[in-house]
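> Coordinates for the following, if possible.
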Amino acid sequence: MSEDRNLGEARRWLGQALHDRDAARLNRDHGFHEHACFVAQQSAEKDRTLADQALGDLEAVLACVQRFVRS
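Okay, here's the model as predicted:
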């Protein structure tokens with residue numbers, strides 16, 4: 001996957017996570033606590049996906065650096 005596509009995908013996950021967070025807050029503020037918890041959990045999962053992608057990208061960069069250093 002190209003860097004541009006990775007960045008676009010990361011932005012998409014972040015945007016959706018922030019949207020879900022805001023939806024959870026609105027649900028909480030209007031007394032829909034059960035749904036607020038569900039949507040907040042969905043937001044956290046999207047944040048986790050974003051973090052996993054970033055970590056994978058970092059691991060790929062570190063692997064490249066290690067190969068460069070060894071050569």
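> pull the longest helix from this protein.
helix 33-70 (DSSP state H).
> quick one: average pLDDT of that one?
Helix 33-70 shows a mean pLDDT of 84.
> What is that helix packed up against?
Packing partners of helix 33-70 (3 or more C-beta pairs under 8 Å, 6 or more residues apart in numbering; DSSP states H and E): helix 3-29. Backbone N, C-alpha and C define where each C-beta goes, glycine included.
> any idea how far the residue minimising distance to the centre of the chain is from residue 39?
Centre of the chain computed as the mean C-alpha position; nearest residue by C-alpha atoms, centre = their mean is residue 50, 2.2 Å away. For residue 50, the distance to residue 39 (C-beta to C-beta, to the nearest Å) stands at 17 Å.
> phi, psi of residue 31?
Main-chain dihedrals, residue 31, degrees, to the nearest 10: phi 90, psi 10.
> no wait, residue 30
phi -100, psi 10.
> Report pLDDT for it.
Note on residue 30: pLDDT of 98.
> Just the buried residues of stretch 21-37, please?
For stretch 21-37, a neighbour-count test (16 or more other C-beta atoms under 10 Å) marks 21, 23-24, 27, 36 as buried.
> what about that stretch, start to end distance?
Start and end residues of stretch 21-37 are separated by 10 Å (C-alpha to C-alpha, to the nearest Å).
> and it, how far from the chain's centre?
Chain-centre distance of stretch 21-37: 20 Å, with C-alpha atoms, centre = their mean, to the nearest Å.
> now swap in stretch 11-27 and tell me
With C-alpha atoms, centre = their mean as the basis, the mean position of stretch 11-27 lies at 11 Å from the chain mean.
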